[in-house]
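Participant: just to be clear, the model below is a prediction. Sequence and coordinates:
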Amino acid sequence: MVDFSQMLARFAAAVEANDGAGLAALFAADGVYEDGFYGAYAGAAAIAGMVAHFHETGEDYRWEFVDPVSDGRAGYAHYRFSYRSKVAGAEGKPVAFEGISHFTLRDGLIARYCEVFDRGIALAQQGFAAERIKRVVEKAAARQNGTPEFAAHLQRLASRSA
């Protein structure tokens, strides 16, 4: 069984250091990193490119995982994440938020990573207009609701009259 706390430390350190290859090495060859802002990235090259993109849009990253738990097949951790924005119109603004990470593990590697956090908190700290925040949140809702896991939930609600 993988030392999950050690994996999280390596994961955070790779993102903070802009070490895309180091982060990708924690994933299975067909591993997927599903970012709450940018969507899913599959495979080592895509995951490494995503880390580079993080560092194009922000700097001075800190990722702190707390209360990790894993049974060797799945892992969860609460996190705190912060950085300084480099996004046009929000340059230099500090951004900090917390969330929950979910790791699907296979043979000591990450098969899938996804996260849950309040995107609005991160966007509001950058001074984005309400309409821009709304568009980002609507895209996230559409991604979520387009998954097979949500089909039964939405079908149940659609079949009831308002």
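Facilitator: Perfect, thanks for sending it.
Participant: look up how far residue 150 lies from the residue positioned nearest the centre of the chain.
Facilitator: By Cα atoms, centre = their mean, the chain has its centre lying nearest to residue 35, at 3.4 Å. From residue 35 across to residue 150, the span is 19 Å (Cβ to Cβ, to the nearest Å). Where you see a C-beta, it was placed from the backbone N, CA and C, and this is true even at glycine.
Participant: now do residue 95
Facilitator: Remark: distance between residue 95 and residue 150 (Cβ to Cβ) = 28 Å.
Participant: between these two, tell me which one has more neighbours.
Facilitator: Looking at residue 95 and residue 150 with other Cβ atoms under 10 Å, you find the greater number of neighbours at residue 95, namely 19 against 13.
Participant: could you list the buried residues of the host helix or strand of the more buried one?
Facilitator: Element membership for residue 95, per DSSP states H and E: strand 94-106. For strand 94-106, the buried set under the neighbour-count rule, 16 or more other Cβ atoms under 10 Å, comprises 95, 97, 99, 101, 103, 105.
Participant: how far off centre is the longest helix anywhere in the chain?
Facilitator: Ordering each helix of the chain by length in residues (DSSP state H) puts helix 130-145 first. Helix 130-145 has its C-alpha centroid displaced from the chain centroid by 15 Å (Cα atoms, centre = their mean, to the nearest Å).
Participant: by contact count, what packs against it?
Facilitator: Where contact means 3 or more Cβ pairs under 8 Å, 6 or more residues apart in numbering; DSSP states H and E, helix 130-145 is packed against helix 119-124.
Participant: circling back to that earlier point, list the contacts for the residue nearest to the centre of the chain?
Facilitator: Applying Cβ atoms under 8 Å, 6 or more residues apart in numbering, we find residue 35 in contact with 41, 50, 115.
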